[in-house]
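**Student:** Here's a sequence, model it:
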Amino acid sequence: MTEARWLDEREARLWRSYRGLRVRLDGALWRRLVRDSGLSGPEFELLVPLSEAPGGLLRARDLGRLVGWERSRISHQVGRMEKRGLVVREECFEDARGSMVRLTEAGRAAIVAAAPSHVESVRSLFFDALTDDELTVLTAAFERVLAGLPKPED
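**Tutor:** All right, here's what the predicted structure looks like:
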């Protein structure tokens, strides 16, 4: 077994900052989202890719891959959203074991209504704190880290 490559003080500081940023930023964004639109964070997470998909339709497994969720979490969340009239499930004609998730008119109206205040929250809570140079550096760094991570599995 190889010896652990422990984080030095600078790396540990960055890692703690990143983890704190992720937790606090998501919490602040989701609280504002509920306050301004009535949508929960998980609802918004699924409505975005559905609203961008052709015909507002995606296979449930593809939707899960896009948001990085397990099959059971997608299933439960889609069920809750069906009850609210935001999405409907449909049969997958290519694979009887799979299902499709379609954005309803109510779901499209909800995401359209939520988007302006959400993007303003993203801007005010994240981008307004950064300089143009920091945006360039962070974009390059995040893209490089992402490129080295495993892709979501089928």
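
**Student:** buried set for the helix ranked longest in the chain?
**Tutor:** For the chain, the helix that runs over the most residues, judged by DSSP state H, is helix 9-37. The neighbour-count check on helix 9-37 (16 or more other C-beta atoms under 10 Å) flags 29, 30, 32, 33, 37 as buried. In this view, the C-beta of every residue, glycine as well, is placed from N, C-alpha and C.

**Student:** What of stretch 88-96?
**Tutor:** Under 16+ other C-beta under 10 Å, stretch 88-96 has no buried positions.

**Student:** How far away from the center of its chain is that stretch?
**Tutor:** Its chain's C-alpha centre and that of stretch 88-96 lie 23 Å apart, by C-alpha atoms, centre = their mean, to the nearest Å.

**Student:** sorry, back to before: could you dump the buried residues of helix 9-37 to a markdown table with pLDDT?
**Tutor:** Listed next are the buried residues of helix 9-37 as a markdown table, based on pLDDT from 0 to 100:
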| residue | pLDDT |
| --- | --- |
| 29 | 96 |
| 30 | 95 |
| 32 | 96 |
| 33 | 95 |
| 37 | 95 |
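
**Student:** re earlier: chain center to the longest helix of the chain: distance?
**Tutor:** Distance of helix 9-37 from its chain centroid, counting by C-alpha atoms, centre = their mean, is 14 Å.

**Student:** helices or strands next to that helix in the packing?
**Tutor:** Counting by 3 or more C-beta pairs under 8 Å, 6 or more residues apart in numbering; DSSP states H and E, the packing neighbours recorded for helix 9-37 are helix 41-52, helix 105-125.
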